[in-house]
Each structure stands twice: as C-alpha cells, then as structure tokens.
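K.L.:
Starting from these lines, generate the structure:
(chains A and B)
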Number of protein chains: 2
Amino acid sequence: MDEMNDEHLLQLLDEGALNQLKTEANEMNPADIADFFEKVPKEKRLLVFRLLTKDNGADAFSFMDNDMQEEIISAISDQEMEHIIDELAMDDVVDFLGEMPANVVTRVLRNTDESTRKIINQFLNYPDDSAGSLMTIEFVQFHQDMTVGEAMAQLRKTGVDKETIYNCYVIDHRRVLVGVVSLRTLLLSKDEAIVKDIMEEDVIYVHTLDDQEETADLFKKYDLIALPVVDNEKRLVGIITVDDIVDVIEQENTEDMEKMSALIPSEDEYLKTSVLQLAKNRIVWLLVLMVSGTLSSAIITHFESVLASSVALAAFFPILMGTGGNAGSQASTLIIRGMAVGEIEPKDILLVIWKELRVGIIAGAVLGVANFVRILVVNDVSFAVNFTVSLSMAITVILAKGVGCTLPIIAKKLHLDPAIMAGPLISTVVDCLALMIFFNVARVLVL
Amino acid sequence: MDEMNDEHLLQLLDEGALNQLKTEANEMNPADIADFFEKVPKEKRLLVFRLLTKDNGADAFSFMDNDMQEEIISAISDQEMEHIIDELAMDDVVDFLGEMPANVVTRVLRNTDESTRKIINQFLNYPDDSAGSLMTIEFVQFHQDMTVGEAMAQLRKTGVDKETIYNCYVIDHRRVLVGVVSLRTLLLSKDEAIVKDIMEEDVIYVHTLDDQEETADLFKKYDLIALPVVDNEKRLVGIITVDDIVDVIEQENTEDMEKMSALIPSEDEYLKTSVLQLAKNRIVWLLVLMVSGTLSSAIITHFESVLASSVALAAFFPILMGTGGNAGSQASTLIIRGMAVGEIEPKDILLVIWKELRVGIIAGAVLGVANFVRILVVNDVSFAVNFTVSLSMAITVILAKGVGCTLPIIAKKLHLDPAIMAGPLISTVVDCLALMIFFNVARVLVL
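P.N.:
Model prediction:
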C-alpha cells in the first residue's frame, strides 16, 4: 500500500505534476512523508520539501533519520530552518542537534532566540542515558492556588501546543512540583474549586540525572502516559512522554541482546555503521573469549595421554561442549531476562539455584539417555566410551544450569551488567567443566 | 522508600491500627498497593482489601498478578466482585478472565449484566496475539455530522470514564470509522463547525485479527498514544492504548531472546513456572541440536587418521569452535535484531553479505594473528600445527560471519521466525565448517 503510494508520488515528481504532488503529499502522515523522502532522488529532495506546508515540513523532519535531517538543514535557508525549529517539540530539537556536526549546531543556535538557545544548551548537557535527555518542556503546569476555572481557561489558551494535556502538573510559588491533576478531574470539578484541593499529591517523578532504564521501569510499573522531571530542588523542569519511552525500551533490549552475544553495544543502524566500526565492536570480545579459551586447550593437553589411548574420544568433544554451552545459555538467558523485567531479584538466588538444580537433573537425565541411544545407533564405539560420553553429558548439563543461573545473579550483586554473563562467557566456562568431567570419567571407565 | 513504607503498613496491621492503615493505604498509588499485598500474610489479605475504597480496590486489583487476583476474587462476595468488574476497564477484565480457572470465569459472568457478558465473551474469543485481545471499549466516538459544540458536550458528559480522550474517533451512520479528531483540534474549532469538516480522514487503524507485533510496529512508527481497531466491515469496535503496547514490546523481546537461546518461549514468570515445564521448554531444542551435532562427530571420526598422527591437534577444537560460534552469533544477533526493529529487510541480503564479508576478513585476520602469537607464547607445538590452527581460525571466522548473516534472512524469506537462526543453531553449523576446514588444512600442512 505505502510502496504503491510512494511509486505514484515519484511518478508525479517525474512528470513535473508538482501541484498534484503538493496536494497529495500534504495529506499524508508525517512519518510516511519521511519514509517517502528516502526514495526521492537526492537532487529533488529540497524541491519536494518546499512543497510541504510549514507544519507538515517540520513534522516530517522530526521523523527523518539523522543523515536526511542533516541534508535538508544544510540546504534550506536560515528562515526556513528557524521555522522548523519553532515547530518542533523541544525534545525533538535536542535529539536532532545531539546528532548533528558542530557547524550545523552553531548555525541552528545562531538562528534561534536567546531563551530557546539557553534551553537547548541546557538540554544538550544532560548525559545520553539520563531522564533529562528524554524530556520535553511542552507540558501544562498550574499554580496550586489557581481555581479550576482559571486552570481550564489557561489550558484552552496554551494547551494546544503541549505534548500531553491529559496530565497537568501543579507547582507552588517556588516552582516546586507539589501534585498532578488529570483533565478528567478538572472536567468533573466545579469552576470555583482550588487546584490544590483536587490535585493528587502522591505524584511519581524522576530527577533529570536518573537513568533512562529506571525511568522506563516506572512507566511499565505504573502504566504511565507521561512523567514529570524535576531538578535537585524538586522544581519541575520537564516531562517525559511514553512515545520516547517506547524507543528507550527497544534500545535497552537491543543493548542487552548485543551484550548477550558478545558484542559491544552500538546505537547506530547496522546498514549505516562502517565495516571498521562493526569489526571493532566484535573483535574485543572475541579476543577475550579466545584467550580465556586457552584454559580448555590446557585441559586437553593435560589429558593427552588419555586421548592418545583412545583417539575416538575426541569425536565427542563438539557434541559435549555444544550441549553444555546450550544448556548454560538457556538458564542464563532466562535469569538475565527475568532480572531485566523485574521478575527475579538477586535475593532469589537460592530459590533459583534449587529450581535449576532440579531442571538440570531432569534435562541431564533425558539428554544422557538420548545420547546413549544415539551413539548405539550411529557410532561404532565400545560400551565404555558410550557410557563415558553419556554420563559426562548428564553431569555437564546439570553443572551448566548451575553456572548459567548463578553468574548473572552474581554479576548483578557486584553491580555489573548481568547481560554479559550470557551464552558466550557461560559457554567458555562450561567448556572447561565439560572437558574436566569427561576426562576424569574416561580415566576411570575407558583406561 | 517503598520497602520502608510497606514495613510501616505491616506494623500498623500487626498492631491492629486499622483506621490508620485504611487512611494511608488509600492514599497510595494502586500499583504500590498491589505490591504491598504480596507482603501481607495470606490470612489477612481479605481484611486489608476491604479497607480499600471501591475505586482503589478495583484499581489495585488490576495491577495484581493472576494468583493474587484469583485469591481475592474467590474470597469476596458476589456483590463486591460485581463492583470490581464494573470499575475495571474492559481490557483489564478480559486479561484477568483469560487467566482464571473456569469456575471463576463462570461466577464472574453470572454476576454481570447481559450486555457486559456479551462483550466479555466476544473479547475472550480473540486469539491470544491478536490486536482484538489488546483492545478496550472505553473510547470516545462522535458521529461525523455532530457539531463541535455537541461533541464537546458529549465529551464532558461521558469522557471521564474513557481510557483516552485525547484522540476521539469519528464514525458514519453504519458505525464505519471515517476519521479521527484530536482534543486539540476540538478546542481550537468553533462550536458550530461540523466534526466531519475538521477531522483527519487519513486515520491509521488495525483489524481485530491483526498480529500484536504488527500493531506494536505501527505505534513505534507513528509515535501513537492510541490506535482504533475495526472489524471486517471497518466498523469501529475498540481502541488499543500505548500502555498495553509497552507490555507487548517487552513480551515480544522476551520471546525473541528465548528463541535465540534455544528455549521454547513461555509467557509465565520464571519463579512461578514448574520445574517440569521449564525442563520441557529446554529439552526439545537441546535434543534437536544434539542430534544435529552428530555431524560434527562424524567429521572427526572421518579424519581420525589425521588426528591419530598428531593428537595435539585435538587441544585446539574448543577454541576453534568457540571462536567460530561466537563470531557467527554476533552476526546473526545483529541481523535478527535489525530485522525485528525494521532497520534491515530481506531485500538487503546482498548489502549485508558484502558488509559481513569485509567485517569477517578484518576480524578473521586479527584473530588469526592473535591466536598465532598466543600459541607461540602458551603452547609447545610445531610451527605447522600453530599455522594450521591460526589459518583455520581466520577462515572459520569469515565463514561464520557469512553463515550468521545469511541464515536469519533466509528464514525470514521462508516466513520462519529469524530468531531461531541464532547462536545455538549457527554454532552447530559453524562447528562442522570449522572442523572440515581444520582437518583439510592440517592434512596439507601437518602430515
């Protein structure tokens, strides 16, 4: 549907039917307009951008990716730029400026009035993952001594430019946040009522420097649509809306998955990241894991005499270590994810270990037996070798579950990120355990 | 802070200071009240629940987990239950009933009026992962021929019970969705204006049976707060609000992570899932991967003569396969995640392969050289063995990147879930490749 529409618009552009293009493009959703720009030939983008109304141009701009924003902003006049900045919500301006090169930032700041410039500069100083970096100043605030009638009048007058008017925040004479009042409550109250008397005093808020992940957790716990942000004196400085939190959640999940796969997290889009950067993000962990894998080599070398007496044993290394690693990753993923969404806490460690022990015994027994049967059918090895492999596998699975569930919790207790205690690191540890078990069992049963 | 407050409330309960407890509990946020219930001794929960006002009781109820909900609902009278159901939003009622045993569902349905019962039954029939299962009927709708004055009057009268009043949906005489009008537009328009003339006609919507993941994608793409849901005739039947979408996103991410770690996804909380169920969710994939690992054993057996002539080679299996597996997981995770968030599409396959090829060459070269140095320092093996291991490692890393980036895209093209093409399966494939490369290089260089 979208694709077809884009084709149609491109055809209008080719034919020079600009009036028709103007009408149709301005009726589109800004997010779709932004998508359409990706398909417009580079040399015609400015032309198309100028067909948009000022509102639509600014809205579409906020949905564009940073490369496209830079391209547009570099091509347009100062006056056009000023209009875009005026129309954008403050958090979108700051997000955009945060990704632009210095010359673009300077040019934008030069063309905004002083009060806006001051706010932008302040916002640009919040750390990347802080609540402050997510907030917007487009919110509704009432003084606590206002009447409901005055509040509603103010809302009608100024509310139209705000990101949300469903929750209005209440401040005292020092601008300290003292409460929140919903539009629902305002509509139900008499005009003469005082805001202070009808507001909810138990208001949930964050500080500008609080972590964005904790902020997202509050949204999830309390099903919030918006959340006020205060400074050190509890003065109201902004709000965060849920659409930005959706992005934070996706970003945090991406980071966790990347860490769990031995990658250094990156916020850049895959297709737009340079090959060198991609290689760098991967090589660090591969090297660490390789060097720590030295231990498993040492174990095999140590038992070389056992191996030399029965070379057939080596054929079972991959399956033994693979199964152990997988069993460990399963446990660690469940625990890491459980802690991330708040279902498991470090104090549950004994409960978790007890649970994993039992799961490990069941899984270990099933896999040991299945492996025994598999080897009987497929391989031509002695009973002793088969029994050695299968018993080692059962013990390895049990230990893998134990290691997999314990390391992430210990990491959390040590205030490290549990996500690094996932598959790759767990596998390296389990590899060594598996080999030690295997050779020790083999020494008794095979030799 | 929360912990301390809960301790304080528990003390009040112990001392029998019920009036004080009643006052303080009713001032708390419903989500915090629900948390507090987890700490109240089982035999006193009903007592505490009855201290809450009807509104607070119902709100707190909606934040409780299913076990607690079942406990409360089984203990209270029919009349109390009726009140909770009345106060809850329809989507919360349906979520709750979907998790209750049949006898509870029957009792609830017996105690609701016929129209509610009809709606509940209809909602319970939507598939688990469909847009219909997420929606609520608490929304504002206007007829297209209404004036703004009439619409605002209706909003003031009925809007207070709605989940959102910021977006109001417009229908024609057959209840077909024809547009959306924001509160902002209503506030800016003259009372005499007709809704049809000021509404936005280009309204984004989903069908009841659309997948919840696609629904979440629309929220992310268009930064939505709410989204209307229509039936096959495009008649408006409900809306979905962003707070439920936040839960969907977390749930879909959890599912992806579980699949990527060779787990069968489960929606139940870890600590509340039985050991047998946990074991079952893990054993299936472990068995599949073990059986497919048979191939790597066969390769080693096939080359047993090479191994017998230099048993030292076996010491490098773990590090070679480990590095290959990790390199493959890195690539597959980036691609799986990139496709999940819409940054990579199957048509980008050649771009991706070309990128991974170059990343693989850089990473392979660095790891091969690092490994050569490592073996020189740590191991006492011949130059030929060292060179075999290091060269094999470099080639393996390159191939692992290729396999890791290709399989998820192929899965997507075949309409399979790319998430299963992650670490464990990639590692199994890469293990075989690594061994084949290793033995073939060894045959030339070592023998």
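K.L.:
Does A:H415 belong to a helix, a strand or coil?
P.N.:
coil (DSSP: H, G, I helix; E, B strand; the rest coil).
K.L.:
scratch that, A:L227 is what I was asking about
P.N.:
A:L227 - assigned by three-state DSSP - is strand.
K.L.:
what sits against it?
P.N.:
Listed by Cβ atoms under 8 Å, 6 or more residues apart in numbering or on different chains, the contact set of A:L227 reads A:I204, A:Y205, A:V206, A:T215, A:L218, A:F219, A:I239, A:I240. Every C-beta, even on glycine, is put in place using the N, C-alpha and C of the backbone.
K.L.:
give me every residue that touches the fourth one.
P.N.:
Translated: A:T215. Applying Cβ under 8 Å, 6+ apart, one finds that A:T215 lies in contact with A:A131, A:L134, A:V206, A:L227, A:I240, A:I245, A:V248.
K.L.:
where's the helix or strand that contains it relative to the chain centroid, distance-wise?
P.N.:
Remark: A:T215 resides in helix A:212-222, with elements defined by DSSP states H and E. In terms of Cα atoms, centre = their mean, to the nearest Å, the gap separating the centre of helix A:212-222 from the centre of its chain is 13 Å.
K.L.:
And for stretch A:149-158?
P.N.:
Mean C-alpha position of stretch A:149-158 versus that of the full chain (Cα atoms, centre = their mean) differs by 38 Å.
K.L.:
re the thing from before, looking at neighbours, which among the contacts of A:L227 is most surrounded?
P.N.:
Neighbour counts for the contacts of A:L227, by other Cβ atoms under 10 Å in any protein chain shown, peak at A:I240, which reaches 29 neighbours.
K.L.:
Make sure it is actually in contact with A:V229.
P.N.:
Yes: counting by Cβ atoms under 8 Å, A:I240 touches A:V229, with 6.1 Å between them.
K.L.:
Which neighbours do the two have in common?
P.N.:
Shared contacts of A:I240 and A:V229, defined by Cβ under 8 Å, 6+ apart, comprise A:A131, A:M135, A:V206.
K.L.:
which SS state does the nearest residue to the second one once chain neighbours are set aside fall under?
P.N.:
Excluding its sequence neighbours, the residue lying closest to A:M135 (Cβ to Cβ, 6 or more residues apart in numbering or on different chains) is A:G238, at 3.4 Å. When classified by three-state DSSP, A:G238 comes out as strand.
K.L.:
which residues does A:G238 bridge with?
P.N.:
Note on A:G238: beta-bridge partners by DSSP bridges are A:V229.
K.L.:
what pLDDT does it get?
P.N.:
Per-residue pLDDT puts A:G238 at 88.
K.L.:
And it, how close does it get to A:A131?
P.N.:
9 Å (Cβ to Cβ, to the nearest Å).
K.L.:
repeat for A:K196
P.N.:
Counting by Cβ to Cβ, the gap between A:K196 and A:A131 amounts to 26 Å.
K.L.:
Just want to know which of these two has more residues nearby.
P.N.:
Neighbours were counted for A:K196 and for A:A131 using other Cβ under 10 Å; A:A131 has more, 26 against 17.
K.L.:
so what's the more buried one up against?
P.N.:
Counting by Cβ under 8 Å, 6+ apart, A:A131 makes contact with A:V206, A:H207, A:T208, A:L209, A:D210, A:D211, A:Q212, A:T215, A:V229, A:I240.
K.L.:
mind running it again at 10 Å?
P.N.:
Counting by Cβ atoms under 10 Å, 6 or more residues apart in numbering or on different chains, A:A131 makes contact with A:205-212, A:214-216, A:218, A:227, A:229-230, A:238, A:240, A:248.
K.L.:
tell me the pLDDT at it?
P.N.:
You'll see A:A131 listed with a pLDDT of 90.
K.L.:
And it, how far from A:Q212?
P.N.:
According to Cβ to Cβ, A:A131 stands 6 Å off from A:Q212.
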